[in-house]
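Peer 1: Please find the sequence and the predicted model below.
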Amino acid sequence: MKSVAVFSLFAGLIVMAAPVAAQDAVPAGLLTEVCLPYANRAQTFERSIRAARVLEFRRPVNDTAPLEEWASEITMVSKDGIWRVKIEEGTVERGERSAYEASCTISSSRASARELADLARRAFRDPRYWSSPPNNAWRWDRLSAYPEEYGLAVEVSEQPGERPTMTVRGSYY
């Protein structure tokens, strides 16, 4: 009887821990399957959308217009509505230079900026590949042999009244 009670308790803990583990898997999957390949230009806009769909993301319910053939931005939400990913591309001015940017932003209605920063710290704390400015503990820059040609940065931010976000941005000059 005692072994049945222990087994039941153990099984209950596993069942309760499964949603927590699934929640950890969502941002990690977005980061590794969608955002990093897209910002690195290893994956196209369309393939990034397909990768998000494999992770069970879809367009928001109120976004019913067809996606334009030359769309440069899309927002998708998780099946449970908790996580969002925004994939976008375009040209921006950086000082006197123009840069093509591919960015991917992850946000959640349940994850705090601190939790997103912890995820980023676990992923980008290797000083052989990433640097973090001393005045911004929530930003990581990919070390590059050609910084005048391209750059990759990850930043966690929190704006008043908005969801905290983690943005992975590739800049190409």
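Peer 2: That came through fine. Model, not experiment: these values are computed from the prediction.
Peer 1: C-alpha only now, for contacts and for neighbours.
Peer 2: Will do.
Peer 1: hmm, who's touching stretch 132-145?
Peer 2: For stretch 132-145, the external contacting residues (CA atoms under 8 Å, 6 or more residues apart in numbering) are 117, 124, 128-131, 150-157.
Peer 1: Return that stretch as CSV; C-alpha atoms alone will do.
Peer 2: The C-alpha trace of stretch 132-145 is given here as CSV (Å, rounded to 0.1, in the frame of the first residue of the first chain):
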residue,chain,number,x,y,z
SER,A,132,27.5,42.1,-22.8
PRO,A,133,28.0,45.8,-22.2
PRO,A,134,28.7,46.5,-18.5
ASN,A,135,26.0,49.1,-18.4
ASN,A,136,23.3,46.8,-19.8
ALA,A,137,23.0,43.4,-18.3
TRP,A,138,20.1,42.6,-20.6
ARG,A,139,21.9,42.9,-23.9
TRP,A,140,24.3,40.4,-25.7
ASP,A,141,26.2,41.1,-28.8
ARG,A,142,27.6,38.4,-31.0
LEU,A,143,31.4,38.8,-31.4
SER,A,144,32.2,39.1,-35.1
ALA,A,145,35.3,39.3,-37.2
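Peer 1: quick one: it to chain centroid distance?
Peer 2: Its chain's average C-alpha position is 17 Å from that of stretch 132-145, according to CA atoms, centre = their mean, to the nearest Å.
Peer 1: got it, and stretch 147-167?
Peer 2: With CA atoms, centre = their mean, you get 10 Å for stretch 147-167.
Peer 1: ends of it, how far apart?
Peer 2: End-to-end distance for stretch 147-167: 19 Å, by CA to CA, to the nearest Å.
Peer 1: residues of that stretch that come out buried?
Peer 2: Across stretch 147-167, burial judged by 16 or more other CA atoms under 10 Å covers 150-157, 163-167.
Peer 1: what kind of secondary structure is the closest residue to T44 other than its chain neighbours in?
Peer 2: Once flanking residues are discounted, T44 sits nearest to Y38: 6.2 Å by CA to CA, 6 or more residues apart in numbering. Three-state call for Y38 (DSSP: H, G, I helix; E, B strand; the rest coil): helix.
Peer 1: Y38 is in contact with S103, isn't it?
Peer 2: Yes - counting by CA atoms under 8 Å, Y38 does reach S103; the two are 7.4 Å apart.
Peer 1: quick revisit: Serialize the buried residues of stretch 147-167 to CSV and add fields for secondary structure and pLDDT.
Peer 2: Below are the buried residues of stretch 147-167 laid out as CSV (DSSP: H, G, I helix; E, B strand; the rest coil; pLDDT from 0 to 100):
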residue, secondary structure, pLDDT
Y150, strand, 95
G151, strand, 95
L152, strand, 97
A153, strand, 97
V154, strand, 97
E155, strand, 97
V156, strand, 97
S157, strand, 96
R163, coil, 93
P164, coil, 96
T165, strand, 97
M166, strand, 97
T167, strand, 97
